[in-house]
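Participant: I need the structure of the sequence given here:
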Amino acid sequence: MSDEKARLLRSLRIDPAEVVAEGRRRRWRLPLLLTVFLAALAAWASLSQLHRPETPKALAEAPPAKPPAPVAEPAAPSGLVASGYVVARRKATVAAEITGKIIAVPVEEGMAVEAGQELARLDSSLAEIDLASAKARVLSARAAIESAAADLKDAQRILERTRNLQARDFASQADLTRNQAHADMLKAQLAKAEADLALADSEVRRSEQTIDKHHIRAPFAGMVVDRSAQMGEIISPLSAGGGFTRTGVCTIVDMDSLEIEVDVNEAFIHRVAPKQRVRAVLDAYPDWAIPAEVIAVVPTANRDKATIKVRIALLAKDPRILPDMAAKVTFLAGAEVGGRN
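Facilitator: Numbers count the residues shown, from 1 in each chain. Predicted structure coming up:
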């Protein structure tokens, strides 16, 4: 057992001679590796110098060439672009001038109407009764005029006979005075009857106009874009507090009065002038260029947006152009506007 332990201890012992030899081998290995690396680096540098193209001396000493001057390209026609909306210069919400109940509305949205065409009809039964009464008063006034004229004619004949009798002392002055007063009274009654007839005639005309107001008509030719009233509703020119009374029957737009209104930044308004050609494009039809021109620059500015409103006329009329459509316009300087696609 002791021999085995001694053998193990001897195997674990470090020989000083081997340690010294290993240290010597490590000391000369590092310089050798460094020398080999430096030699390889020098060889690579020499090869790079051999493969570099030689530059002629004259070319090397020549001053650097000046960069070529930029060529001025033709300026592309630039246009001022603005956005806005299609608006109608003639647009009206038609309402009644009197209060009444609607008994008919013969129009619908999208219907074309002519000037004077009936849009709605109100109940006119009471107005027709008033018209009949006014016509009766006219007949009564005419009869009163005829009666007063006959009485006056008889009184004037009696007055003339009394004058002749009084001139021959067959009638007293009192009879002459009494007959004169009676004739004057009848003349006044005739004048009153004529005034009553004129008043009755005016009442007839007023009643006829009142009946006509029960027929709500279109003020101009156009297109019905909104119908707000229904049969059986009460309509009035004044709005009631409860909200159960209509104030308008329908809205009409004159489609021939459509134009575009855009807001132009006041910094670029000097580039816009009346009669200037414009190319308009609707957002709904981006491939359709509509020829247009400037009508006027509205002489007022929007302080909040720093813009000025410009009115633009559409030179091409088309049923696709509708009120309140969004549009973009390009103001052209001497350029022609493309045709319709």
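
Participant: lowest-confidence helix or strand of the protein?
Facilitator: Across the helices and strands of the chain, the lowest-confidence element by mean pLDDT, DSSP states H and E is helix 57-61, at a mean of 42.

Participant: beyond it, next helix or strand please.
Facilitator: strand 80-88 (DSSP states H and E).

Participant: max-length helix in this structure?
Facilitator: In terms of residue count, the longest helix belonging to the chain (DSSP state H) is helix 125-167.

Participant: that helix - what's its average pLDDT?
Facilitator: In this model, helix 125-167 has an average pLDDT of 89.

Participant: can you point out the buried residues in stretch 226-243?
Facilitator: Neighbour counts over stretch 226-243 (16 or more other Cβ atoms under 10 Å) mark Arg227, Ser228, Ala229, Ile234, Ile235 as buried. C-beta coordinates here come from the backbone N, C-alpha and C atoms, glycine included.

Participant: that should have said stretch 253-273, apologies.
Facilitator: Under the neighbour-count criterion of 16+ other Cβ under 10 Å, stretch 253-273 has Val253, Asp254, Met255, Leu258, Glu259, Ile260, Glu261, Val262, Asp263, Val264, Val272 buried.

Participant: what is the nearest of those to Asp196?
Facilitator: Lowest distance from Asp196 to these (Cβ to Cβ) belongs to Asp254, with 46.0 Å.

Participant: hang on, isn't the closest one packed against Gly222?
Facilitator: Yes. Judged on Cβ atoms under 8 Å, Asp254 makes contact with Gly222 at a distance of 4.3 Å.

Participant: shared neighbours of these two, which are they?
Facilitator: Common neighbours of Asp254 and Gly222 (criterion: Cβ atoms under 8 Å, 6 or more residues apart in numbering): Arg90.

Participant: what average pLDDT does stretch 253-262 get?
Facilitator: In this model, stretch 253-262 carries a mean pLDDT of 95.

Participant: got the CA positions of that stretch in PDB?
Facilitator: Extracted as PDB, the C-alpha positions of stretch 253-262 are listed here (Å, rounded to 0.1, in the frame of the first residue of the first chain):
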ATOM      1  CA  VAL A 253     -81.700  75.400 -58.100                       C
ATOM      2  CA  ASP A 254     -81.200  77.100 -61.500                       C
ATOM      3  CA  MET A 255     -78.700  74.600 -63.000                       C
ATOM      4  CA  ASP A 256     -77.600  77.200 -65.600                       C
ATOM      5  CA  SER A 257     -76.300  79.400 -62.800                       C
ATOM      6  CA  LEU A 258     -73.800  76.900 -61.500                       C
ATOM      7  CA  GLU A 259     -70.300  78.200 -61.000                       C
ATOM      8  CA  ILE A 260     -67.200  77.400 -58.800                       C
ATOM      9  CA  GLU A 261     -66.100  79.400 -55.800                       C
ATOM     10  CA  VAL A 262     -62.600  78.900 -54.500                       C
END
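
Participant: how about the helices in the stretch 101-250 of the chain?
Facilitator: 125-167, 173-213 (DSSP state H, counting those that start in this stretch).
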